[in-house]
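**Student:** sequence first, then the predicted structure, then my questions.
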Amino acid sequence: MLLKPEDFLPMNIVTELNEWVSMRKKIMNQSIGFIPTMGNLHAGHISLCERSKRDNDITVVSIFVNPTQFNNQNDLKHYPRTLPEDIEKLTHAKVDYLFVPNAEDMYQDNYEIKVTETELSHELEGEHRPGHFNGMLTVVLKLLNLIQAHKAYFGEKDYQQLLLVKKMVLSLFLPTEIMACETIRNEKGLALSSRNSRLNDEQLEMAAHFPALLHSHLTDEEIITQLKNLGFKVDYIVKKWQRRLGAVYLGDVRLIDNIHYI
Ligand code: AMP
């Protein structure tokens with residue numbers, strides 16, 4: 001394959017809010033696709049970037065480990081941070097801009113202004129992770145306002161998050177279109193997740209039982225029993241929104257997943 005000069009162009013990396021605002025003005029007439037992430041990127045994130053690259057002139061990715069959406073400080077402390085490797089992957093994927101803001105800039109108000117949803121955000125993930133969705137919606141609103149993208153890409157892996165972001169965008173008349181992207185899995189069916197890197201080899205093997213059981217014809221209760229027998233701790237397994245959704249722990253690593261299910 002013949003390499004072209006643009007294959008070597010470095011990605012624009014922006015850390016300052018003001019710098020982003022002036023860069024954004026220079027790409028006024030182009031369509032912008034945006035992928036918000038917390039980094040430690042894997043093929044799931046990259047599939048969102050590829051979708052955005054197909055749909056838009058410019059693709060922007062953000063990496064921000066958002067402290068306000070962690071209800072568990074241990075999870076925040078151990079969340080994998082791999083910026084150099086992430087930059088390499090995004091450069092390879094030919095992403096145009098990487099936005100890496102810091103918490104002080106994102107929360108100049110000390111998180112005194114926040115987005116609250118009062119129904120959907122209280123069940124499933126919301127029930128087990130109090131405050132998580134307030135933090136998530138607040139940071140997504142800030143990022144959507146900063147990036148001003150035409151389309152923003154979210155994974156179906158975080159299905160309740162996707163529904164809540166869509167609801168916020170409709171309710172607050174935000175101009176960005178929310179695009180749902182299918183879950184990318186490893187060869188054993190396990191949904192790719194940044195938290196998988198905290199599983200040891202044995203746990204990684206065991207984790208594949210979780211999606212396999214979600215796909216089975218067992219009842220939710222039977223799946224819960226089987227998972228417990230295998231050594232998982234189970235937060236929930238439920239059918240809702242024509243999907244079967246679940247959240248489990250292996251050791252102290254929490255995994256979520258969902259599949260289409262009628
Ligand atoms: P995160 O970095 O975990 O906050 O994820 C950033 C975005 O990537 C979210 O919209 C996730 O739903 C999406 N995502 C995470 N894992 C996957 C996956 N395995 N397949 C598709 N999208 C994913």
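**Tutor:** Right, received. Where do you want to start?
**Student:** tell me if the helix or strand harbouring residue 98 is near the ligand.
**Tutor:** Here residue 98, judged by DSSP states H and E, is contained in strand 97-99. No: Strand 97-99 is not in contact with the ligand by Cβ under 6 Å from any ligand atom; minimum separation 13.3 Å. (Glycine included, C-beta is placed from N, CA and C.)
**Student:** and the helix or strand that that strand is followed by, what's buried?
**Tutor:** Downstream of strand 97-99, the first helix or strand assigned by DSSP H and E is helix 103-106. In terms of neighbour count (16 or more other Cβ atoms under 10 Å), helix 103-106 has its buried residues at residue 106.
**Student:** elements contacting helix 103-106?
**Tutor:** Using 3 or more Cβ pairs under 8 Å, 6 or more residues apart in numbering; DSSP states H and E, no helix or strand is in contact with helix 103-106.
**Student:** which strands or helices does whichever helix or strand comes after that helix pack on?
**Tutor:** Following helix 103-106 in sequence order, the next helix or strand is helix 125-128 (DSSP H and E). When contacts are defined as 3+ Cβ pairs under 8 Å, 6+ apart, helix 125-128 packs onto helix 132-147, helix 159-171, strand 233-240.
**Student:** give me the contact list for the strand holding residue 98.
**Tutor:** Identification of contacts with strand 97-99 by Cβ atoms under 8 Å, 6 or more residues apart in numbering yields 11-15, 20, 23, 58-64, 86-87, 90, 143, 146-147.
**Student:** quick one: contacts for residue 68?
**Tutor:** 107, 111, 114, 131, 134-135, 138-139.
**Student:** hmm, try it at 6 Å
**Tutor:** Applying Cβ atoms under 6 Å, 6 or more residues apart in numbering, we find residue 68 in contact with 111, 135.
**Student:** let's verify it: helix, strand, or coil?
**Tutor:** Three-state call for residue 68 (DSSP: H, G, I helix; E, B strand; the rest coil): helix.
**Student:** what's the distance between the closest residue to residue 50 other than its chain neighbours and residue 138?
**Tutor:** Spatially, and ignoring its direct neighbours in sequence, residue 50 is nearest to residue 93 (6.8 Å; Cβ to Cβ, 6 or more residues apart in numbering). Going from residue 93 to residue 138 by Cβ to Cβ, to the nearest Å gives 28 Å.
**Student:** no more questions from me, cheers.
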